[in-house]
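> Mind looking at a prediction? Sequence and model below.
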Amino acid sequence: MTEQKIQIEDESIQGETGPTVKKLKEFDPNAPVALITGTSSGFGMLTAITLAKQGYRVVATMRDLSRNAELAILAEQADISDRLQYIRLDVTDANSVQEAVQTVLQNNGRIDMLVNNAGFALGGFIEEVSMDDWRRQMETNFFGLVAVTRAVLPVMREQKQGLIINLSSVSGLSGFPGYAPYAASKFAVEGFTESLRHEMSSFGVRIVIVEPGAYRTPIWNKGLGEIHRSNHSPYKDKLDAVLRYSQHAGETAPDPQEVADLIARIARMRAPRLRYALGKGSRLLIIGKLLLPWKWLEWIIARGLR
């Protein structure tokens with residue numbers, strides 16, 4: 001990346017929620033450009049602020065620009081409003097994707113980093129999730145990610161440098177009852193990202209997957225709110241257990257700023273590895289899948305939902 005172009009003062013300041021960051025003496029108009037999808041809340045919003053503090057020109061995209069108020073307030077409080085640009089981007093609309101990328105290039109002339117964050121969690125037991133909902137989940141979480149990536153790849157390939165970070169999930173490592181659509185979409189992101197890393201290795205484009213566990217973000221409330229429940233369902237008791245577990249996980253989860261800080265650290269790495277798992281239970285799950293027989297892992301998950 002073009003870190004050498006960022007002018008930095010000698011002293012550091014301590015961020016309220018993150019590691020020590022450098023205060024910029026003067027924002028460089030030639031600073032590297034980061035395009036982030038889904039910045040109206042959660043990881044996307046926090047990543048936009050964190051990267052802007054790190055010296056990036058951040059293009060914060062969202063489907064509905066009227067939802068940028070919280071991000072704009074955070075940027076103003078951090079005195080980095082001039083480093084953020086707001087662009088409408090609906091990852092499920094091909095024209096919107098192309099128009100957004102062209103606007104970024106017209107305004108900045110380059111794209112150094114793409115963070116594919118846009119997504120949502122759809123819950124419900126497989127038999128009771130409609131095919132329309134299955135398609136809606138995949139259109140946003142997977143096909144939308146593919147569409148934005150494809151639009152940015154020619155730019156980075158011509159630049160002979162770039163970084164793409166795909167937000168996966170612990171659900172991309174192991175499927176859980178009641179969240180099959182979400183898990184399927186994140187498993188797809190995992191396979192896509194592995195292939196993409198192979199394909200881009202000779203073009204100087206770095207490809208990374210970030211796999212958060214449970215964090216305190218709105219995705220939990222949205223996901224739980226969209227689960228279709230019926231008192232006559234044969235899955236009612238199991239679904240109630242999933243909902244209790246998910247609610248507890250969301251309430252006790254760590255600060256999502258950890259994910260934004262990790263993304264900022266990856267942005268500074270010359271040769272990041274493929275996968276970065278973090279958050280409650282993520283590493284234990286990875287180790288468990290590698291070392292434990294499937295029946296043991298199945299029993300552990302079932303026990304946790306009692």
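Here it is on my side, so go on.
> what's stretch 275-293 in contact with?
Contacts with stretch 275-293, where a contact means Cβ atoms under 8 Å, 6 or more residues apart in numbering, come from 170, 173-174, 208-215, 249, 252-254, 258-259, 262, 266, 296-297, 300. Bear in mind the C-beta positions are built from the backbone N, C-alpha and C, glycine included.
> nope, stretch 171-180 is what I meant
Here stretch 171-180 makes contact (Cβ under 8 Å, 6+ apart) with 121-126, 129, 182-184, 186-187, 189-190, 209, 211, 223, 227, 238-239, 242-243, 246, 277, 282, 285-286, 289, 297, 301, 305.
> mind checking the SS state of Ala34?
Using DSSP: H, G, I helix; E, B strand; the rest coil, the structure places Ala34 in strand.
> so where's this structure shaky on pLDDT?
1-27, 215-226, 228-229, 249-251, 253, 281 (pLDDT under 70).
> can you map out the helices along it?
Taking DSSP state H as the test, the helices found in the chain are 42-53, 69-77, 94-108, 131-138, 144-159, 180-200, 219-225, 236-252, 257-268, 282-291, 294-304.
> the inter-axis angle of the fifth one versus helix 94-108?
On the basis of axes from the mean of the first three to the mean of the last three Cα atoms, to 10 degrees, helix 144-159 is oriented at 40 degrees to helix 94-108.
> sorry, back to before: and among the helices of the chain, the most buried is which?
Of all these, helix 42-53 carries the top mean neighbour count, a mean of 26, counting by mean count of other Cβ atoms under 10 Å.
> So which elements touch it?
Applying 3 or more Cβ pairs under 8 Å, 6 or more residues apart in numbering; DSSP states H and E, one finds that helix 42-53 contacts strand 33-36, strand 57-62, helix 69-77, strand 113-116, helix 257-268.
> any chance of the helices of the chain in JSON lines, with distance to Ala31 too?
Shown next, in JSON lines, are the helices of the chain (distance: least, Cβ to Cβ, whole Å):
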{"stretch": "helix 42-53", "distance to Ala31": "10"}
{"stretch": "helix 69-77", "distance to Ala31": "15"}
{"stretch": "helix 94-108", "distance to Ala31": "9"}
{"stretch": "helix 131-138", "distance to Ala31": "35"}
{"stretch": "helix 144-159", "distance to Ala31": "15"}
{"stretch": "helix 180-200", "distance to Ala31": "23"}
{"stretch": "helix 219-225", "distance to Ala31": "30"}
{"stretch": "helix 236-252", "distance to Ala31": "35"}
{"stretch": "helix 257-268", "distance to Ala31": "12"}
{"stretch": "helix 282-291", "distance to Ala31": "32"}
{"stretch": "helix 294-304", "distance to Ala31": "45"}
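> out of these, nearest to Val33?
helix 94-108 (4.7 Å; Cβ to Cβ).
> Out of the helices of the chain, the one nearest Asn116 is which?
Closest among those, using Cβ to Cβ: helix 144-159, at 4.5 Å.
> The closest one relative to helix 131-138, how many degrees between them?
Using the same axes, to 10 degrees, the inter-axis angle of helix 144-159 relative to helix 131-138 is 30 degrees.
> Convert the C-alpha atoms of helix 144-159 to PDB, please.
Written as PDB, here are the backbone C-alpha positions of helix 144-159 (Å, rounded to 0.1, in the frame of the first residue of the first chain):
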ATOM      1  CA  GLY A 144     -23.300  -9.600  -3.900                       C
ATOM      2  CA  LEU A 145     -19.800 -10.100  -2.600                       C
ATOM      3  CA  VAL A 146     -18.800 -11.800  -5.900                       C
ATOM      4  CA  ALA A 147     -20.300  -8.900  -7.900                       C
ATOM      5  CA  VAL A 148     -18.400  -6.200  -6.000                       C
ATOM      6  CA  THR A 149     -15.200  -8.200  -6.100                       C
ATOM      7  CA  ARG A 150     -15.400  -8.700  -9.900                       C
ATOM      8  CA  ALA A 151     -16.000  -5.000 -10.400                       C
ATOM      9  CA  VAL A 152     -12.900  -4.100  -8.500                       C
ATOM     10  CA  LEU A 153     -10.500  -6.800  -9.700                       C
ATOM     11  CA  PRO A 154      -9.600  -5.200 -13.100                       C
ATOM     12  CA  VAL A 155      -8.600  -2.000 -11.200                       C
ATOM     13  CA  MET A 156      -6.300  -3.800  -8.800                       C
ATOM     14  CA  ARG A 157      -4.900  -6.000 -11.400                       C
ATOM     15  CA  GLU A 158      -3.900  -3.000 -13.500                       C
ATOM     16  CA  GLN A 159      -2.500  -1.300 -10.500                       C
END
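> report the angle between the axes of it and helix 180-200?
10 degrees.
> Which residues does helix 144-159 contact?
35, 37, 89, 91-92, 94, 97-98, 101, 105, 110-112, 114, 116, 118-119, 162, 164, 166, 189, 192, 196, 200, 203-205.
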